[in-house]
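In: Here is my input, please return the structure:
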Amino acid sequence: YPEWMNWKLVGKKTILAPMHSGMEAGKEARDRYFDFNTWPHWNPKMNWEPRAVYVVEVTPRLADYPYKKMTMYFDAETYYIVMKECYDKKGELWKVLLNAYLDSPDMDRYPMGIGTSMIADLQAEHATVFPSYKAEANVGYDPKFFTEPNLRKMGK
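Out: This next block holds a predicted model:
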């Protein structure tokens with residue numbers, strides 16, 4: 001947890017979240033799960049459900065950090081972040097991050113994955129959607145493989 005942030009558990013509540021979104025991964029699926037033609041042009045079309053979440057308030061210790069505070073909503077069952085609100089220096093809601101999750105075909109072998117993430121800039125009335133393409137877990141890599149030089153090679 002970054003030392004340049006203050007973290008405070010505010011409480012627990014229930015929100016609607018796309019935890020079992022019913023989405024498919026891939027760029028082709030993007031248009032099926034978002035309505036980009038109707039204002040405000042980032043309308044998610046996926047399965048939503050009530051989810052218990054932990055509400056965490058995060059404030060920066062750095063004066064030049066772009067957000068005054070962030071509120072993160074961690075799913076109480078998986079601890080995945082389902083939503084994050086970002087507030088500008090005046091304390092007004094600026095951006096909202098939404099993560100929609102895919103069901104795992106085998107929870108014993110690999111966890112649920114993010115089907116898509118969306119960041120909506122409410123002040124500029126603009127959003128960016130990034131779909132997931134392919135993710136794998138527990139695919140047999142030796143833990144010794146995860147060295148800084150190997151990770152740098154893979155990142156290029």
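
In: how close does Gly26 get to Tyr33?
Out: Distance of Gly26 to Tyr33, given as Cβ to Cβ, to the nearest Å: 11 Å. In short, each C-beta sits where N, CA and C put it, glycine included.

In: who has more neighbours, those two?
Out: Per other Cβ atoms under 10 Å, whichever of Gly26 and Tyr33 has more neighbours is Tyr33, with 22 against 14.

In: Buried residues of the helix or strand bottoming out on mean pLDDT in the chain, list them for me.
Out: The helix or strand of the chain with the lowest confidence, counting by mean pLDDT, DSSP states H and E, is helix 27-33 at a mean of 76. In terms of neighbour count (16 or more other Cβ atoms under 10 Å), helix 27-33 has its buried residues at 29-30, 33.

In: Okay, now the unreliable bits of the protein?
Out: Scanning the chain for pLDDT under 70 picks out 1-2, 134-138, 156.

In: So which residues of it form helices?
Out: 27-33, 148-154 (DSSP state H).

In: Pick out the residue nearest the middle of the chain.
Out: Asn99 (3.6 Å; Cα atoms, centre = their mean).

In: quick one on the thing from earlier: export the helices of the chain to CSV and tack on distance to Trp42?
Out: What follows is the helices of the chain, written out as CSV (distance: least, Cβ to Cβ, whole Å):
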stretch, distance to Trp42
helix 27-33, 11
helix 148-154, 31
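
In: closest to Thr116 out of those?
Out: helix 27-33 (6.7 Å; Cβ to Cβ).

In: what sits up against the closest one?
Out: Identification of contacts with helix 27-33 by Cβ atoms under 8 Å, 6 or more residues apart in numbering yields 21, 23-24, 44-46, 100, 115-116, 129, 131, 133.

In: now do 6 Å
Out: 23, 45-46, 131 (Cβ atoms under 6 Å, 6 or more residues apart in numbering).

In: possible to save those as CSV with distance to Phe74 and neighbour count?
Out: Converted to CSV, those look like this (distance: Cβ to Cβ, whole Å; neighbours: other Cβ atoms under 10 Å):
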residue, distance to Phe74, neighbour count
Met23, 20, 25
Lys45, 25, 12
Met46, 20, 17
Pro131, 22, 21
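
In: Quick check: buried residues in stretch 47-58?
Out: 51, 53, 55-58.

In: can I get the residues you listed in a markdown table with distance to Ala76?
Out: Formatted as a markdown table, the buried residues of stretch 47-58 follow (distance: Cβ to Cβ, whole Å):
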| residue | distance to Ala76 |
| --- | --- |
| Arg51 | 7 |
| Val53 | 6 |
| Val55 | 10 |
| Val56 | 12 |
| Glu57 | 17 |
| Val58 | 18 |
